[in-house]
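**Q** sharing a model prediction with you, sequence too.
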Amino acid sequence: MKVDVLLGLQWGDEGKGKIVDVLTPGYEIVARFQGGPNAGHTLEFEGKKYVLRSVPSGIFQGNNLNIIGNGVVLDPALFKEEIESLEVSGHDLTKRLLVSKKAHLILPTHRLLDACYEATKGDSKIGTTGKGIGPAYTDKISRNGLRAGDIFHNFEEKYNAAKTGHLRILRQYGYDTSPLADIEKEWFAGVAKIKEFTFIDSEYYINNAIKRGLKILAEGAQGTMLDIDFGSYPFVTSSNTISAGACIGLGMAPRLVGEVYGIFKAYCTRVGSGPFPTELQDETGNKLREFGFEFGSVTGRPRRCGWIDLVALRYAIMINGATQLIMMKSDVLDTFDTIRACVGYEINGRKITGFPFEVNGSIKPVYVDMKGWQTDMTKMRKEKEFPAEFNRYISFLEKELETPVKIVSLGPDRAQTIIRQLNS
Ligand code: GDP
Ligand code: IMO
Ligand code: MG
(Lines give C-alpha, C1' and ligand atoms only; values in the text may rest on other atoms or scores of the structure.)
(Ligands and ions follow the chains in the order given, each with its own letter.)
Protein backbone atom coordinates (compact mmCIF):
# COMPACT_ATOMS: atom_id res chain seq x y z
CA MET A 1 0.00 0.00 0.00
CA LYS A 2 1.26 3.46 -0.87
CA VAL A 3 0.52 6.86 0.60
CA ASP A 4 -1.12 9.41 -1.69
CA VAL A 5 -0.07 13.01 -1.29
CA LEU A 6 -2.23 16.04 -1.92
CA LEU A 7 -0.65 19.48 -2.16
CA GLY A 8 -0.94 22.96 -3.62
CA LEU A 9 0.92 23.81 -6.84
CA GLN A 10 0.65 27.60 -6.61
CA TRP A 11 1.00 30.11 -3.75
CA GLY A 12 -1.51 28.44 -1.42
CA ASP A 13 -5.31 28.61 -1.03
CA GLU A 14 -5.84 26.42 -4.08
CA GLY A 15 -8.72 24.61 -2.36
CA LYS A 16 -6.82 21.78 -0.64
CA GLY A 17 -9.29 21.60 2.26
CA LYS A 18 -12.26 21.10 -0.03
CA ILE A 19 -10.62 18.35 -2.06
CA VAL A 20 -9.19 16.46 0.93
CA ASP A 21 -12.75 16.37 2.25
CA VAL A 22 -14.05 15.12 -1.12
CA LEU A 23 -11.39 12.38 -1.31
CA THR A 24 -11.62 11.37 2.36
CA PRO A 25 -14.12 8.50 1.90
CA GLY A 26 -11.40 6.70 -0.07
CA TYR A 27 -8.94 6.80 2.85
CA GLU A 28 -8.74 5.41 6.38
CA ILE A 29 -6.21 7.98 7.57
CA VAL A 30 -5.61 11.62 6.65
CA ALA A 31 -2.30 13.05 7.88
CA ARG A 32 -1.08 16.67 7.73
CA PHE A 33 2.64 16.77 7.07
CA GLN A 34 3.78 20.39 7.43
CA GLY A 35 2.84 23.98 8.16
CA GLY A 36 0.80 25.22 11.06
CA PRO A 37 -2.06 27.62 11.75
CA ASN A 38 -0.82 29.82 8.92
CA ALA A 39 -3.02 27.49 6.86
CA GLY A 40 -6.70 28.15 6.40
CA HIS A 41 -8.45 25.24 4.71
CA THR A 42 -12.10 25.91 3.88
CA LEU A 43 -14.76 23.23 3.51
CA GLU A 44 -18.40 23.66 2.63
CA PHE A 45 -21.17 21.08 2.66
CA GLU A 46 -24.84 20.86 3.63
CA GLY A 47 -25.02 24.64 3.89
CA LYS A 48 -22.21 24.82 6.49
CA LYS A 49 -18.74 26.25 6.18
CA TYR A 50 -15.66 25.34 8.22
CA VAL A 51 -12.13 26.75 8.20
CA LEU A 52 -9.44 24.38 9.49
CA ARG A 53 -5.95 25.50 10.43
CA SER A 54 -4.06 22.68 12.10
CA VAL A 55 -6.65 19.92 12.01
CA PRO A 56 -6.52 17.79 8.85
CA SER A 57 -9.47 18.18 6.46
CA GLY A 58 -10.43 14.51 6.72
CA ILE A 59 -12.54 14.90 9.86
CA PHE A 60 -15.96 15.43 8.34
CA GLN A 61 -16.61 12.20 6.46
CA GLY A 62 -16.79 8.73 7.99
CA ASN A 63 -14.87 7.64 11.04
CA ASN A 64 -11.37 7.77 9.70
CA LEU A 65 -8.36 8.82 11.75
CA ASN A 66 -6.59 12.13 11.33
CA ILE A 67 -2.98 12.69 12.27
CA ILE A 68 -1.01 15.85 12.91
CA GLY A 69 2.41 14.77 11.71
CA ASN A 70 5.87 15.55 13.04
CA GLY A 71 6.44 18.11 10.26
CA VAL A 72 3.66 20.35 11.58
CA VAL A 73 4.16 23.25 14.02
CA LEU A 74 1.36 23.48 16.52
CA ASP A 75 0.14 26.45 18.54
CA PRO A 76 -1.80 25.04 21.52
CA ALA A 77 -3.85 28.24 21.96
CA LEU A 78 -5.06 28.24 18.35
CA PHE A 79 -5.47 24.47 18.43
CA LYS A 80 -7.81 24.81 21.43
CA GLU A 81 -9.80 27.50 19.65
CA GLU A 82 -10.15 25.32 16.57
CA ILE A 83 -11.09 22.18 18.52
CA GLU A 84 -13.65 24.04 20.61
CA SER A 85 -15.35 25.58 17.60
CA LEU A 86 -15.58 22.09 16.08
CA GLU A 87 -17.02 20.76 19.37
CA VAL A 88 -19.69 23.47 19.28
CA SER A 89 -20.73 22.25 15.84
CA GLY A 90 -20.94 18.68 17.14
CA HIS A 91 -17.56 17.27 16.15
CA ASP A 92 -15.69 15.68 19.05
CA LEU A 93 -12.25 14.78 17.77
CA THR A 94 -10.54 13.43 20.90
CA LYS A 95 -10.79 9.84 19.63
CA ARG A 96 -10.15 10.59 15.96
CA LEU A 97 -7.27 13.03 16.01
CA LEU A 98 -3.79 11.87 16.94
CA VAL A 99 -0.83 14.17 17.50
CA SER A 100 2.77 13.32 16.73
CA LYS A 101 5.02 13.67 19.77
CA LYS A 102 7.60 15.13 17.42
CA ALA A 103 5.45 18.00 16.09
CA HIS A 104 7.07 21.25 17.22
CA LEU A 105 5.26 23.79 19.35
CA ILE A 106 4.77 27.43 18.45
CA LEU A 107 5.45 29.34 21.67
CA PRO A 108 3.88 32.70 22.58
CA THR A 109 7.24 34.38 22.06
CA HIS A 110 7.42 32.92 18.52
CA ARG A 111 4.41 35.03 17.63
CA LEU A 112 6.12 38.13 19.01
CA LEU A 113 9.35 37.30 17.19
CA ASP A 114 7.42 36.88 13.93
CA ALA A 115 5.91 40.36 14.34
CA CYS A 116 9.24 41.82 15.44
CA TYR A 117 11.17 40.45 12.42
CA GLU A 118 8.45 41.68 10.06
CA ALA A 119 8.55 45.17 11.61
CA THR A 120 12.34 45.21 11.27
CA LYS A 121 12.16 44.36 7.56
CA GLY A 122 10.01 47.41 6.83
CA ASP A 123 9.14 47.60 3.12
CA SER A 124 10.76 44.26 2.38
CA LYS A 125 8.59 42.38 4.87
CA ILE A 126 7.37 38.91 3.88
CA GLY A 127 3.77 39.64 4.80
CA THR A 128 3.57 36.57 7.07
CA THR A 129 0.37 35.40 8.70
CA GLY A 130 1.85 36.50 12.03
CA LYS A 131 1.38 33.07 13.58
CA GLY A 132 5.01 32.56 14.61
CA ILE A 133 5.69 30.00 11.87
CA GLY A 134 9.16 31.21 10.85
CA PRO A 135 10.55 31.51 14.41
CA ALA A 136 9.10 28.10 15.40
CA TYR A 137 10.74 26.33 12.45
CA THR A 138 13.92 28.33 13.05
CA ASP A 139 14.08 26.94 16.59
CA LYS A 140 13.45 23.44 15.26
CA ILE A 141 16.38 23.66 12.86
CA SER A 142 18.66 25.41 15.36
CA ARG A 143 17.82 22.66 17.86
CA ASN A 144 16.15 24.96 20.35
CA GLY A 145 12.56 23.91 19.73
CA LEU A 146 10.00 22.32 22.02
CA ARG A 147 8.06 19.34 20.76
CA ALA A 148 4.50 18.31 21.60
CA GLY A 149 5.88 15.30 23.50
CA ASP A 150 7.89 17.63 25.73
CA ILE A 151 4.63 18.63 27.42
CA PHE A 152 5.09 15.48 29.51
CA HIS A 153 8.82 15.85 30.20
CA ASN A 154 10.18 18.75 32.33
CA PHE A 155 8.00 21.04 30.33
CA GLU A 156 8.17 24.14 32.50
CA GLU A 157 11.94 24.08 32.61
CA LYS A 158 12.21 23.68 28.82
CA TYR A 159 9.57 26.34 28.23
CA ASN A 160 11.25 28.88 30.48
CA ALA A 161 14.65 28.31 28.89
CA ALA A 162 13.22 28.89 25.41
CA LYS A 163 11.25 31.93 26.56
CA THR A 164 14.31 33.49 28.22
CA GLY A 165 16.27 33.14 24.98
CA HIS A 166 13.45 34.71 22.96
CA LEU A 167 13.01 37.61 25.38
CA ARG A 168 16.70 38.35 25.10
CA ILE A 169 16.33 38.73 21.31
CA LEU A 170 13.14 40.77 21.59
CA ARG A 171 14.81 43.12 24.06
CA GLN A 172 17.74 43.59 21.69
CA TYR A 173 15.27 44.78 19.08
CA GLY A 174 13.51 46.95 21.67
CA TYR A 175 10.29 45.11 20.86
CA ASP A 176 7.27 45.56 23.13
CA THR A 177 6.73 42.31 25.05
CA SER A 178 3.83 43.53 27.19
CA PRO A 179 1.19 41.41 25.35
CA LEU A 180 3.08 38.28 26.39
CA ALA A 181 1.30 37.64 29.70
CA ASP A 182 -2.12 37.50 28.00
CA ILE A 183 -0.91 35.33 25.15
CA GLU A 184 0.74 32.96 27.64
CA LYS A 185 -2.50 32.55 29.59
CA GLU A 186 -4.35 31.36 26.48
CA TRP A 187 -1.40 29.27 25.45
CA PHE A 188 -1.21 27.30 28.70
CA ALA A 189 -4.97 26.75 28.55
CA GLY A 190 -4.25 25.32 25.10
CA VAL A 191 -1.56 23.05 26.49
CA ALA A 192 -4.12 21.66 28.96
CA LYS A 193 -6.54 21.07 26.04
CA ILE A 194 -3.98 19.31 23.90
CA LYS A 195 -3.40 16.81 26.71
CA GLU A 196 -6.88 15.42 26.04
CA PHE A 197 -5.53 14.02 22.77
CA THR A 198 -3.46 10.91 22.16
CA PHE A 199 0.18 11.57 21.42
CA ILE A 200 1.78 9.04 19.12
CA ASP A 201 5.06 8.07 17.52
CA SER A 202 3.48 8.95 14.22
CA GLU A 203 6.29 7.46 12.11
CA TYR A 204 5.62 4.01 13.64
CA TYR A 205 1.89 4.51 13.50
CA ILE A 206 1.92 5.42 9.82
CA ASN A 207 4.36 2.74 8.74
CA ASN A 208 2.38 0.08 10.64
CA ALA A 209 -0.81 1.35 9.01
CA ILE A 210 0.83 1.06 5.58
CA LYS A 211 1.86 -2.53 6.38
CA ARG A 212 -1.69 -3.32 7.44
CA GLY A 213 -2.91 -2.12 4.05
CA LEU A 214 -4.69 1.01 5.28
CA LYS A 215 -5.15 3.81 2.78
CA ILE A 216 -3.50 7.06 3.81
CA LEU A 217 -3.79 10.53 2.33
CA ALA A 218 -1.01 12.99 3.21
CA GLU A 219 -2.37 16.54 3.28
CA GLY A 220 -0.13 19.49 2.52
CA ALA A 221 -0.55 23.11 3.51
CA GLN A 222 0.50 26.29 1.68
CA GLY A 223 1.73 25.67 -1.87
CA THR A 224 4.79 24.72 -3.88
CA MET A 225 5.70 28.32 -4.68
CA LEU A 226 5.85 28.97 -0.92
CA ASP A 227 8.24 26.04 -0.31
CA ILE A 228 11.29 27.05 1.72
CA ASP A 229 13.71 25.55 -0.84
CA PHE A 230 11.91 25.85 -4.16
CA GLY A 231 9.46 28.72 -3.68
CA SER A 232 9.98 32.39 -4.43
CA TYR A 233 12.53 32.79 -1.62
CA PRO A 234 12.62 34.72 0.68
CA PHE A 235 8.89 35.32 0.18
CA VAL A 236 7.99 31.81 1.26
CA THR A 237 6.89 29.93 4.32
CA SER A 238 9.35 28.04 6.53
CA SER A 239 8.61 24.43 5.65
CA ASN A 240 8.86 22.04 2.72
CA THR A 241 5.43 22.13 1.17
CA ILE A 242 6.33 19.74 -1.67
CA SER A 243 5.75 15.99 -1.97
CA ALA A 244 9.19 15.22 -0.49
CA GLY A 245 7.98 17.15 2.57
CA ALA A 246 5.41 14.41 3.14
CA CYS A 247 8.24 11.89 3.65
CA ILE A 248 10.00 14.14 6.15
CA GLY A 249 6.81 15.32 7.81
CA LEU A 250 5.38 11.86 8.38
CA GLY A 251 8.44 9.64 8.52
CA MET A 252 7.70 7.54 5.45
CA ALA A 253 10.16 6.37 2.84
CA PRO A 254 10.07 7.97 -0.65
CA ARG A 255 9.27 4.60 -2.24
CA LEU A 256 5.98 4.61 -0.33
CA VAL A 257 4.62 7.68 -2.10
CA GLY A 258 1.78 6.75 -4.44
CA GLU A 259 -0.33 9.27 -6.31
CA VAL A 260 0.68 12.90 -6.02
CA TYR A 261 -2.40 15.09 -6.46
CA GLY A 262 -1.41 18.61 -7.48
CA ILE A 263 -4.10 21.25 -6.97
CA PHE A 264 -4.30 24.55 -8.81
CA LYS A 265 -6.82 27.29 -9.43
CA ALA A 266 -7.95 27.97 -13.00
CA TYR A 267 -6.26 31.33 -12.42
CA CYS A 268 -3.73 32.32 -9.75
CA THR A 269 -3.60 34.11 -6.39
CA ARG A 270 -1.08 35.01 -3.75
CA VAL A 271 -1.28 36.60 -0.26
CA GLY A 272 1.62 38.54 1.20
CA SER A 273 4.64 40.04 -0.56
CA GLY A 274 6.85 38.56 -3.26
CA PRO A 275 7.00 38.01 -6.99
CA PHE A 276 3.85 37.17 -8.92
CA PRO A 277 4.60 37.48 -12.65
CA THR A 278 0.99 37.21 -13.86
CA GLU A 279 -0.52 39.52 -11.25
CA LEU A 280 -3.24 41.83 -12.57
CA GLN A 281 -3.51 45.17 -10.85
CA ASP A 282 -6.48 46.21 -12.92
CA GLU A 283 -10.20 45.65 -13.37
CA THR A 284 -9.70 42.02 -14.40
CA GLY A 285 -7.71 41.37 -11.20
CA ASN A 286 -10.48 43.00 -9.19
CA LYS A 287 -13.07 40.88 -10.97
CA LEU A 288 -11.16 37.68 -10.12
CA ARG A 289 -10.96 38.80 -6.47
CA GLU A 290 -14.63 39.67 -6.33
CA PHE A 291 -15.97 36.59 -8.15
CA GLY A 292 -13.54 34.22 -6.43
CA PHE A 293 -14.03 35.89 -3.06
CA GLU A 294 -10.27 36.03 -2.76
CA PHE A 295 -9.72 37.13 0.81
CA GLY A 296 -7.41 35.19 3.15
CA SER A 297 -9.18 32.58 5.30
CA VAL A 298 -6.77 33.25 8.20
CA THR A 299 -6.02 36.96 8.02
CA GLY A 300 -8.86 38.28 5.83
CA ARG A 301 -6.28 40.06 3.65
CA PRO A 302 -7.30 40.61 0.00
CA ARG A 303 -5.47 38.07 -2.15
CA ARG A 304 -3.51 39.31 -5.13
CA CYS A 305 -5.04 37.86 -8.32
CA GLY A 306 -3.82 37.11 -11.84
CA TRP A 307 -3.94 34.72 -14.78
CA ILE A 308 -2.83 31.12 -14.56
CA ASP A 309 0.96 30.80 -14.76
CA LEU A 310 2.00 27.64 -16.62
CA VAL A 311 5.71 28.36 -16.16
CA ALA A 312 5.29 28.19 -12.39
CA LEU A 313 2.90 25.22 -12.69
CA ARG A 314 5.26 23.18 -14.89
CA TYR A 315 8.00 23.83 -12.35
CA ALA A 316 5.74 22.80 -9.46
CA ILE A 317 4.63 19.62 -11.24
CA MET A 318 8.29 18.72 -11.86
CA ILE A 319 9.38 19.31 -8.25
CA ASN A 320 6.47 17.31 -6.84
CA GLY A 321 6.27 14.56 -9.43
CA ALA A 322 2.54 15.30 -9.60
CA THR A 323 0.73 12.36 -11.20
CA GLN A 324 -2.74 13.93 -11.36
CA LEU A 325 -4.03 17.46 -11.45
CA ILE A 326 -7.07 18.94 -9.80
CA MET A 327 -8.40 22.22 -11.18
CA MET A 328 -10.30 24.45 -8.78
CA LYS A 329 -12.51 27.51 -9.05
CA SER A 330 -13.06 27.42 -12.81
CA ASP A 331 -16.56 28.78 -12.06
CA VAL A 332 -14.90 32.10 -11.23
CA LEU A 333 -14.09 32.37 -14.96
CA ASP A 334 -17.62 31.45 -16.07
CA THR A 335 -18.44 34.98 -17.30
CA PHE A 336 -15.10 35.88 -18.88
CA ASP A 337 -15.13 36.26 -22.66
CA THR A 338 -11.37 35.76 -22.91
CA ILE A 339 -9.13 33.68 -20.66
CA ARG A 340 -5.39 34.10 -20.72
CA ALA A 341 -2.72 31.59 -19.78
CA CYS A 342 0.93 32.50 -19.32
CA VAL A 343 3.03 30.01 -21.29
CA GLY A 344 6.44 31.64 -20.93
CA TYR A 345 8.32 34.63 -19.56
CA GLU A 346 10.30 37.27 -21.39
CA ILE A 347 13.21 38.96 -19.65
CA ASN A 348 14.72 41.93 -21.48
CA GLY A 349 13.24 40.68 -24.75
CA ARG A 350 14.62 37.14 -24.26
CA LYS A 351 12.17 34.24 -23.92
CA ILE A 352 12.67 31.90 -20.99
CA THR A 353 10.61 28.85 -20.19
CA GLY A 354 11.83 27.89 -16.70
CA PHE A 355 11.11 29.58 -13.39
CA PRO A 356 14.05 31.96 -12.83
CA PHE A 357 16.23 32.26 -9.69
CA GLU A 358 15.44 35.94 -9.28
CA VAL A 359 12.01 37.16 -10.24
CA ASN A 360 11.72 40.89 -10.52
CA GLY A 361 9.71 43.57 -12.27
CA SER A 362 11.44 43.08 -15.61
CA ILE A 363 9.63 39.78 -16.28
CA LYS A 364 7.00 40.00 -18.98
CA PRO A 365 4.56 37.07 -19.16
CA VAL A 366 3.87 35.64 -22.63
CA TYR A 367 0.17 34.86 -22.92
CA VAL A 368 -2.01 32.59 -25.00
CA ASP A 369 -5.61 33.80 -25.24
CA MET A 370 -8.54 31.46 -25.28
CA LYS A 371 -12.22 32.00 -25.77
CA GLY A 372 -14.14 31.75 -22.49
CA TRP A 373 -17.09 29.35 -22.10
CA GLN A 374 -19.44 32.06 -20.77
CA THR A 375 -21.74 29.50 -19.20
CA ASP A 376 -22.74 29.10 -15.57
CA MET A 377 -21.21 25.74 -14.71
CA THR A 378 -21.88 25.78 -10.96
CA LYS A 379 -24.88 23.45 -11.15
CA MET A 380 -23.35 20.97 -13.55
CA ARG A 381 -22.87 17.50 -12.08
CA LYS A 382 -21.75 15.55 -15.13
CA GLU A 383 -18.76 15.91 -17.36
CA LYS A 384 -20.82 15.56 -20.49
CA GLU A 385 -22.56 18.86 -19.66
CA PHE A 386 -19.26 20.78 -20.00
CA PRO A 387 -19.21 23.45 -22.73
CA ALA A 388 -16.81 22.86 -25.62
CA GLU A 389 -14.66 25.89 -24.73
CA PHE A 390 -14.19 24.56 -21.20
CA ASN A 391 -13.09 21.15 -22.52
CA ARG A 392 -10.71 22.98 -24.83
CA TYR A 393 -9.24 24.87 -21.87
CA ILE A 394 -8.65 21.62 -19.97
CA SER A 395 -7.13 19.90 -23.00
CA PHE A 396 -4.85 22.88 -23.51
CA LEU A 397 -3.70 22.71 -19.87
CA GLU A 398 -3.16 18.95 -20.01
CA LYS A 399 -1.02 19.35 -23.10
CA GLU A 400 1.00 22.23 -21.67
CA LEU A 401 1.45 20.55 -18.30
CA GLU A 402 1.84 16.98 -19.60
CA THR A 403 -0.32 15.70 -16.74
CA PRO A 404 -3.99 14.69 -16.66
CA VAL A 405 -6.62 16.85 -14.97
CA LYS A 406 -8.62 14.26 -13.06
CA ILE A 407 -10.93 16.43 -10.98
CA VAL A 408 -12.53 19.80 -11.61
CA SER A 409 -14.22 21.91 -8.96
CA LEU A 410 -17.10 24.14 -10.01
CA GLY A 411 -17.91 25.82 -6.69
CA PRO A 412 -16.96 25.76 -2.99
CA ASP A 413 -19.44 23.06 -1.99
CA ARG A 414 -18.45 19.42 -1.69
CA ALA A 415 -21.16 18.57 -4.25
CA GLN A 416 -19.70 20.94 -6.85
CA THR A 417 -16.94 18.53 -7.79
CA ILE A 418 -16.57 16.40 -10.88
CA ILE A 419 -14.26 13.42 -11.13
CA ARG A 420 -13.43 13.18 -14.81
CA GLN A 421 -13.91 9.86 -16.55
CA LEU A 422 -13.39 10.84 -20.15
CA ASN A 423 -10.01 11.32 -21.69
CA SER A 424 -9.78 14.72 -23.27
P1 GDP B 1 -6.79 25.88 0.87
O2 GDP B 1 -5.98 26.70 1.82
O3 GDP B 1 -5.98 25.35 -0.27
O4 GDP B 1 -7.59 24.81 1.55
O5 GDP B 1 -7.84 26.89 0.21
P6 GDP B 1 -8.69 28.02 0.98
O7 GDP B 1 -9.78 27.35 1.72
O8 GDP B 1 -7.82 28.93 1.75
O9 GDP B 1 -9.20 28.87 -0.24
C10 GDP B 1 -10.01 28.35 -1.21
C11 GDP B 1 -11.32 29.16 -1.21
O12 GDP B 1 -12.04 28.87 -2.39
C13 GDP B 1 -12.26 28.80 -0.07
O14 GDP B 1 -13.01 29.92 0.27
C15 GDP B 1 -13.14 27.72 -0.69
O16 GDP B 1 -14.42 27.62 -0.07
C17 GDP B 1 -13.27 28.23 -2.08
N18 GDP B 1 -13.40 27.20 -3.12
C19 GDP B 1 -12.85 25.97 -3.20
N20 GDP B 1 -13.13 25.40 -4.38
C21 GDP B 1 -13.86 26.30 -5.06
C22 GDP B 1 -14.44 26.30 -6.37
O23 GDP B 1 -14.31 25.38 -7.16
N24 GDP B 1 -15.12 27.44 -6.74
C25 GDP B 1 -15.27 28.51 -5.91
N26 GDP B 1 -15.93 29.56 -6.35
N27 GDP B 1 -14.75 28.52 -4.67
C28 GDP B 1 -14.05 27.44 -4.27
P1 IMO C 1 -2.95 27.48 2.99
O2 IMO C 1 -2.58 26.14 3.59
C3 IMO C 1 -1.62 31.28 1.34
C4 IMO C 1 2.03 32.97 3.02
C5 IMO C 1 1.90 34.26 3.80
C6 IMO C 1 3.26 34.89 3.53
C7 IMO C 1 4.19 33.68 3.52
C8 IMO C 1 4.90 33.43 4.84
O9 IMO C 1 -4.24 28.00 3.49
O10 IMO C 1 -2.85 27.42 1.51
P11 IMO C 1 4.11 32.48 7.18
O12 IMO C 1 3.05 32.95 8.14
O13 IMO C 1 3.92 31.08 6.71
O14 IMO C 1 5.50 32.70 7.70
O15 IMO C 1 3.97 33.45 5.91
O16 IMO C 1 3.38 32.56 3.21
N17 IMO C 1 1.17 31.87 3.49
C18 IMO C 1 0.08 31.47 2.85
N19 IMO C 1 -0.52 31.94 1.74
N20 IMO C 1 -2.10 30.18 1.94
C21 IMO C 1 -1.49 29.66 3.03
O22 IMO C 1 -1.85 28.49 3.58
C23 IMO C 1 -0.38 30.33 3.56
N24 IMO C 1 0.44 30.13 4.62
C25 IMO C 1 1.38 31.07 4.56
O26 IMO C 1 0.83 35.05 3.32
O27 IMO C 1 3.27 35.43 2.24
MG1 MG D 1 -5.98 28.60 2.65
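**A** Now that the structure is in, tell me what you want to look at. Ligands and ions are numbered 1, 2, ... in the order given.
**Q** what residues are up against N70?
**A** S100, K101, K102, A103, S202, E203, G249, L250, G251 (CB atoms under 8 Å, 6 or more residues apart in numbering). C-betas here are computed from N, CA, C, even on glycine.
**Q** just these: which are in strands?
**A** Using DSSP state E, the members of the contacts of N70 that fall within strands are S100.
**Q** E87: which of the contacts of N70 is nearest?
**A** Among the contacts of N70, A103 lies closest to E87 (CB to CB), at 21.0 Å.
**Q** which residues touch that closest one?
**A** Residues near A103 by CB under 8 Å, 6+ apart: I68, G69, N70, G71, V72, V73, L74, R147, A148.
**Q** what residue in the stretch 51-200 of the chain comes nearest to ligand 3?
**A** Per CB to the ion, V51 is where the stretch 51-200 of the chain lies closest to ligand 3, at 8.1 Å.
**Q** for that residue, give me its contacts.
**A** G17, G40, H41, T42, L43, S297, V298.
**Q** look at the closest residue to the second one other than its chain neighbours and report its pLDDT.
**A** Spelled out, it's G40. Nearest residue to G40 in three dimensions, chain neighbours excluded: S297, at 2.9 Å (CB to CB, 6 or more residues apart in numbering). On pLDDT, S297 comes in at 79.
**Q** separation between S297 and A103?
**A** The span separating S297 from A103 equals 22 Å under the rule CB to CB, to the nearest Å.
**Q** quick revisit: ok, and of the contacts of V51, which contact ligand 3?
**A** By CB under 5 Å from the ion, the members of the contacts of V51 lying near ligand 3 are G40, S297.
**Q** please flag which of the contacts of V51 sit within helices.
**A** G17 (DSSP state H).
**Q** how about TSV for the contacts of V51, with neighbour count and distance to ligand 2 added?
**A** Shown next, in TSV, are those (neighbours: other CB atoms under 10 Å; distance: CB to the nearest ligand atom, whole Å):
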residue	neighbour count	distance to ligand 2
G17	27	8
G40	19	4
H41	26	6
T42	18	8
L43	23	12
S297	18	6
V298	18	7
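**Q** the contacts of N70 also near ligand 1: which ones?
**A** With CB under 6 Å from any ligand atom as the criterion, the contacts of N70 include none near ligand 1.
**Q** now the contacts of N70 in a markdown table, with distance to ligand 3 and pLDDT?
**A** What follows is those, written out as a markdown table (distance: CB to the ion, whole Å; pLDDT from 0 to 100):
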| residue | distance to ligand 3 | pLDDT |
| --- | --- | --- |
| S100 | 22 | 98 |
| K101 | 27 | 98 |
| K102 | 25 | 98 |
| A103 | 20 | 98 |
| S202 | 23 | 96 |
| E203 | 27 | 98 |
| G249 | 18 | 98 |
| L250 | 21 | 98 |
| G251 | 25 | 98 |
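**Q** now flag whichever of the contacts of N70 is closest to ligand 2.
**A** G249 (13.5 Å; CB to the nearest ligand atom).
**Q** now for the closest one: which residues touch it?
**A** For G249, the contact set (CB under 8 Å, 6+ apart) comprises R32, F33, Q34, G69, N70, G71, V72, A218, S239, N240.
**Q** break down the chain into its helices, ranges please.
**A** Counting by DSSP H, the chain has helices at residues 16-23, 76-88, 108-121, 133-141, 155-172, 180-194, 202-211, 243-250, 283-291, 310-320, 388-401.
**Q** for T224, state which of the contacts of G249 is nearest.
**A** Nearest to T224 among the contacts of G249 is N240, at 9.9 Å by CB to CB.
**Q** give me the neighbour count for the closest one.
**A** 24 (other CB atoms under 10 Å).
**Q** how about the one 5 residues further on?
**A** By the other CB under 10 Å criterion, the neighbourhood of G245 contains 27 residues.
**Q** would you mind putting the contacts of A103 into CSV with distance to R270 and pLDDT alongside?
**A** Below are the contacts of A103 laid out as CSV (distance: CB to CB, whole Å; pLDDT from 0 to 100):
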residue, distance to R270, pLDDT
I68, 26, 98
G69, 26, 98
N70, 28, 98
G71, 23, 98
V72, 23, 98
V73, 22, 98
L74, 25, 98
R147, 31, 98
A148, 31, 98
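**Q** out of those residues, who has the most neighbours?
**A** Ranked by the number of neighbours (other CB under 10 Å), these place G71 first, at 31 neighbours.
**Q** how about that residue: what's its closest non-neighbour residue?
**A** Excluding its sequence neighbours, the residue lying closest to G71 (CB to CB, 6+ apart) is G249, at 2.2 Å.
**Q** do the same with Q421
**A** Leaving aside its chain neighbours, Q421 sits nearest to E383 (6.3 Å; criterion: CB to CB, 6+ apart).
**Q** right, and the one you found touches T417 too?
**A** No. E383 is not in contact with T417 according to CB atoms under 8 Å; the separation is 11.4 Å.
**Q** from the chain's centre, how far out does stretch 346-363 sit?
**A** Using CA atoms, centre = their mean, to the nearest Å, the mean C-alpha position of stretch 346-363 is found 26 Å from that of the whole chain.
**Q** same question for stretch 36-44.
**A** 7 Å.
**Q** mind checking the end-to-end distance for it?
**A** End-to-end distance for stretch 36-44, by CA to CA, to the nearest Å: 21 Å.
**Q** likewise stretch 317-327?
**A** Stretch 317-327 has an end-to-end distance of 13 Å (criterion: CA to CA).
**Q** close to ligand 2, is that stretch?
**A** No. Stretch 317-327 stays clear of ligand 2 (CB under 6 Å from any ligand atom), getting no nearer than 14.0 Å.
**Q** and that stretch, anywhere near ligand 1?
**A** No. Using CB under 6 Å from any ligand atom, stretch 317-327 stays clear of ligand 1, coming no nearer than 8.5 Å.
**Q** which non-adjacent residue is nearest the closest residue to ligand 2 within the stretch 1-150 of the chain?
**A** Ranking the residues of the stretch 1-150 of the chain by distance to ligand 2 (CB to the nearest ligand atom) places G12 first, at 2.5 Å. Nearest-residue entry for G12: G223, 4.2 Å, with adjacent residues in sequence omitted and distances by CB to CB, 6+ apart.
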